[in-house]
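Asks: Fold the following and give me the result.
(one chain, ligands or ions: 1)
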Amino acid sequence: MAETVCATPGEKPRQDAPCFHVDAGYQQDDRHKALGNKALGNKAFGAQMGWANVFEDLAGQVAVITGGARGLGLSMAQALAKWRAKIALLDVLAEVKDVAETVQRDLDVESLGVVADVTDDRSVAAAFAEVGRTLGSPSILINAAGITVWEDSIDVSRESWQRVIDINLTGTFLCCQALARACKAADKGGVIVNVSSMSARVVNLPQHQASYHASKAGVEMLTKALAVEWAPIGIRVNAIAPGYMLSEMTRQFTTANPELAERWRKMIPAGRMGQPADLEALVVFLCSARSSYLIGQSIVIDGAYTAV
Ligand SMILES: NC(=O)c1ccc[n+]([C@@H]2O[C@H](COP(=O)([O-])OP(=O)(O)OC[C@H]3O[C@@H](n4cnc5c(N)ncnc54)[C@H](O)[C@@H]3O)[C@@H](O)[C@H]2O)c1
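Replies: Alright, predicted model coming up:
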């Protein structure tokens, strides 16, 4: 049976994208068969099950996305915007303001771009204050700001090591703290999705990235620690752990070295690197109250790379 796929409300069904719009996905659902109502189409069935607007709780919520000027952060921000969340993009890149304007224009949601450095607690606090004044108090945070450095560990300088840890791990913590403080001040709960990596669990080859591996392993344990600490105050913390994804971060290496790209591709059972859009459905689900009992987890999304 042909699979119906549909990425977001209002989009035409596509055959090439993951499905999380709940109009789709029930075609082969056992419960559908059990109902014995073959006359029900997918849409009617979804509506009957109360799932037609499954992530509509995101509408009007204020989401902060660090590293939002491009790549995975921007893609995840767009996914939330398609479900009508207000979007605040934080990034060190000045272009983040223009990017936010484009999101606002293209997706018709209030958006804000703030130049901020996640390693600087005053910059983070100022950015969250600006978001609060402009869009309202944030309740969603996606921590996507990150860098990687490829170096042989025997040659790595203290500064290089520290920079990766500062951005990927300390920056993630400072933004989690800022979101929790904003939620506490507004007397409401919140959701955090940290962007870890499969590199928190397996060692990448052939490149050497010890600082990156260590930083992402730290993000995984930070996610669990904050999830346990903040679950009682209604702040849900999870992580996603992508495999090799096509973004500026990886293109700098694959463009310069196509043989490397091919070597990676052969190691991925899915036969391809991930596209930023491959993360959309997962992050929307994690930010929605639909996943309210999913807490303190890191979900690997890697084309089965780490399953081998
Ligand atoms: N691309 C991949 O294969 C891959 C795989 C797993 C995890 N990740 C993670 O996903 C996240 C996004 O990566 P990407 O692939 O989109 O890379 P990217 O380089 O395209 O985007 C990273 C963004 O973070 C921003 N940033 C860097 N330092 C910052 C700072 N101090 N303050 C604020 N913003 C800062 C950059 O300006 C950039 O816009 C990163 O945490 C990365 O480690 C990427």
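Asks: The lengthiest strand in the chain: partners in the sheet, and parallel or antiparallel?
Replies: Across the chain, the longest stretch assigned as strand under DSSP state E is strand 235-242. Using DSSP bridges, strand 235-242 pairs in its sheet with strand 190-195 (parallel), strand 298-301 (parallel).
Asks: Give me the mean pLDDT for stretch 187-202.
Replies: For stretch 187-202, mean pLDDT is 98.
Asks: what about it, start to end distance?
Replies: Distance across stretch 187-202, first residue to last, is 39 Å (C-alpha to C-alpha, to the nearest Å).
Asks: follow-up on the earlier one: quickly check: the longest strand of the chain near the ligand or not.
Replies: Yes: residues of strand 235-242 contacting the ligand under C-beta under 6 Å from any ligand atom: residue 242. C-beta: built from backbone N, CA, C; applies to glycine.
Asks: need the helices for the stretch 151-300 of the chain, in chain order.
Replies: Ranges of helices within the stretch 151-300 of the chain are 158-165, 171-186, 210-230, 248-254, 258-267, 280-287, based on DSSP state H, counting those that start in this stretch.
Asks: Please name whichever of these is nearest to the ligand.
Replies: The ligand lies closest, by C-beta to the nearest ligand atom, to one member of those: helix 248-254, at 3.3 Å.
Asks: and the stretch 51-200 of the chain, which residues reach the ligand?
Replies: Going by C-beta under 6 Å from any ligand atom, the residues of the stretch 51-200 of the chain near the ligand are 66-67, 69-73, 91-93, 117-119, 144-147, 167, 171, 195, 197.
Asks: Show me which of the residues you listed are buried.
Replies: Among these, the ones that count as buried by 16 or more other C-beta atoms under 10 Å are 66-67, 69-73, 91-92, 117-119, 144-146, 167, 171, 195, 197.
Asks: From those residues, which land in strands?
Replies: Going by DSSP E, the strands hold 66, 91, 195 from those.
Asks: which ones are touching the last one?
Replies: Neighbour list for residue 195: 67, 72-73, 142-144, 146, 219, 239-240, 242 [criterion: C-beta atoms under 8 Å, 6 or more residues apart in numbering].
Asks: Residue 147 - nearest residue in space that isn't next to it in sequence?
Replies: Leaving aside its chain neighbours, residue 147 sits nearest to residue 167 (5.3 Å; criterion: C-beta to C-beta, 6 or more residues apart in numbering).
Asks: measure the residue nearest to residue 166 when sequence neighbours are not counted to residue 80 for me?
Replies: Leaving aside its sequence neighbours, residue 166 sits nearest to residue 119 (C-beta to C-beta, 6+ apart; 4.4 Å). Going from residue 119 to residue 80 by C-beta to C-beta, to the nearest Å gives 24 Å.
Asks: With residue 112 instead?
Replies: For residue 112, the distance to residue 80 equals 14 Å [C-beta to C-beta].
Asks: Of the two, give the one with the bigger neighbour count.
Replies: residue 80 (27 against 23; other C-beta atoms under 10 Å).
Asks: and the more buried one, what element?
Replies: Using DSSP states H and E, residue 80 sits within helix 71-82.
Asks: can I assume the residue nearest to residue 166 is in contact with residue 164?
Replies: No: if you go by C-beta atoms under 8 Å, residue 119 and residue 164 don't touch, sitting 10.7 Å apart.
Asks: what domains does the record give for this structure?
Replies: Domain assignment for the chain by automatic domain parsing gives 1-54, 56-307.
Asks: And the last one, how far out from the chain middle?
Replies: Using C-alpha atoms, centre = their mean, to the nearest Å, the distance from the centre of domain 56-307 to the centre of the chain it belongs to is 5 Å.
Asks: Leaving out chain neighbours, which residue sits closest to residue 277?
Replies: Residue 277 sits nearest to residue 75 (C-beta to C-beta, 6+ apart), 5.9 Å away.
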